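Novice: model the following, please.
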Amino acid sequence: MPKGFTIFATAFALSLAIIGHTESALAPDKSGYTAFHRTPESLLRELTTDRPDLTESPYTVDAGWWQLEMDLLAHTRTHEKSPGVDVKATALSIANINLKLGLTHNIDLQTVIASYTRVRVRDNLTGATDTISGFGDITSRLKINFWGNDGGPSAFALMPFIKWPTNQHGLGNKFVEGGLILPYAHELPGGWGMGIMTEFDVVRNDTDSGYAVDWLNTITISHDLTKKLGCYFELTHLTTRGPSITTFDCGLTYGVSKQMQLDLGANLGLTRAADDLTLFAGLSVRF
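Specialist: Reported below is the predicted structural model:
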């Protein structure tokens, strides 16, 4: 059995054992608020985002509130070199966004938009260079929190999603794809926090003859360095039909205010199939 699944299953079982004590007894009843009857600002939970790490958060946006999370800038590079092959690729993404709306006290709707991406590939053996750029895909996601939204040592959610093939100039395929994300969070001693996620992606296979399932597992730990500054460290592993992809990620978050957060980070490839390095900076705002 894959280690990622074992870790997730263990954490999930532990949380079930304490589910009756998960929600804080002092948590206010916010079940009456909806997208059309906004949660009062005085009852808002702490600003929590699905970025900058790849591990999604199980916490939802409060009912009636919007939340914008975006890459201000992200740059990825990779270099594939083997006998007869010497190819360098870079990708630049600008203003990729995740726009969220709290529908109820425990459900939010998300629209992920790949606003602009430029990919440049150079064959160092022939000198040939190919560059494509444009609009990417749009993904619709629904996050449903089952417990822990407003207090307690753990939280869990389900996130079904569908990717719509809106990309230009070959920046993706032309097929509808989707999947299911299961994010879990747990408090650790010493002010540390842990997030675990497993994700199943139903994707078009390489021969366009049908669909296959990719499996992503992640684990992240985070800690507040000061009242406003935090850090995280993360491992991710993607099992695909081809070579597996593993990365080590790290970064910083800075809380500008109760409604705004800045972040920056780096993702480093640990396996041959992974991108060598991704550097990014982002912004999250609730309004």
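Novice: quick one: residue 46 from residue 257, how far?
Specialist: For residue 46, the distance to residue 257 (Cβ to Cβ, to the nearest Å) stands at 12 Å. Every residue, glycine included, has its C-beta placed from N, CA and C.
Novice: residues near residue 279, how many?
Specialist: 15 (other Cβ atoms under 10 Å).
Novice: partner residues bridging it?
Specialist: Beta-bridge partners for residue 279, by DSSP bridges, are residue 75, residue 266.
Novice: quick one: contacts for it?
Specialist: 74, 75, 264, 265, 266 (Cβ atoms under 8 Å, 6 or more residues apart in numbering).
Novice: just the C-alphas of the helix or strand where residue 142 lies, formatted as PDB.
Specialist: Element membership of residue 142, judged by DSSP states H and E, is strand 138-147. Taking C-alpha atoms only, strand 138-147 is exported to PDB below (Å, rounded to 0.1, in the frame of the first residue of the first chain):
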ATOM      1  CA  ILE A 138     -10.900  27.000 -15.900                       C
ATOM      2  CA  THR A 139     -11.700  24.700 -13.000                       C
ATOM      3  CA  SER A 140     -14.900  24.700 -11.000                       C
ATOM      4  CA  ARG A 141     -14.500  23.400  -7.400                       C
ATOM      5  CA  LEU A 142     -16.900  22.900  -4.400                       C
ATOM      6  CA  LYS A 143     -15.500  22.600  -0.900                       C
ATOM      7  CA  ILE A 144     -17.700  20.900   1.700                       C
ATOM      8  CA  ASN A 145     -16.300  21.000   5.300                       C
ATOM      9  CA  PHE A 146     -17.500  18.200   7.500                       C
ATOM     10  CA  TRP A 147     -16.000  19.300  10.800                       C
END
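Novice: which parts of it are buried?
Specialist: Neighbour counts over strand 138-147 (16 or more other Cβ atoms under 10 Å) mark 139, 141, 142, 143, 144, 145, 147 as buried.
Novice: which of these sits closest to residue 212?
Specialist: residue 139 (18.4 Å; Cβ to Cβ).
Novice: so where do the helices sit in the protein?
Specialist: 3-17 (DSSP state H).
Novice: now the contacts of residue 279: which count as buried?
Specialist: Buried among the contacts of residue 279 by 16+ other Cβ under 10 Å: 74, 265.
Novice: now the contacts of residue 279 as a markdown table including distance to residue 107?
Specialist: Formatted as a markdown table, the contacts of residue 279 follow (distance: Cβ to Cβ, whole Å):
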| residue | distance to residue 107 |
| --- | --- |
| 74 | 28 |
| 75 | 34 |
| 264 | 30 |
| 265 | 28 |
| 266 | 33 |
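Novice: strands of the stretch 51-200 of the chain, start to end?
Specialist: All strands of the stretch 51-200 of the chain, identified by DSSP state E, counting those that start in this stretch, fall at 66-82, 85-102, 107-113, 116-123, 129-134, 138-147, 154-164, 177-187, 192-204.
Novice: please convert the ones you listed to CSV, extending it with distance to residue 27 and mean pLDDT.
Specialist: What follows is the strands of the stretch 51-200 of the chain, written out as CSV (distance: least, Cβ to Cβ, whole Å; pLDDT from 0 to 100):
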stretch, distance to residue 27, mean pLDDT
strand 66-82, 20, 96
strand 85-102, 16, 97
strand 107-113, 17, 98
strand 116-123, 41, 96
strand 129-134, 45, 96
strand 138-147, 11, 98
strand 154-164, 12, 98
strand 177-187, 15, 98
strand 192-204, 18, 97
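Novice: having no further points to raise, I will conclude here.
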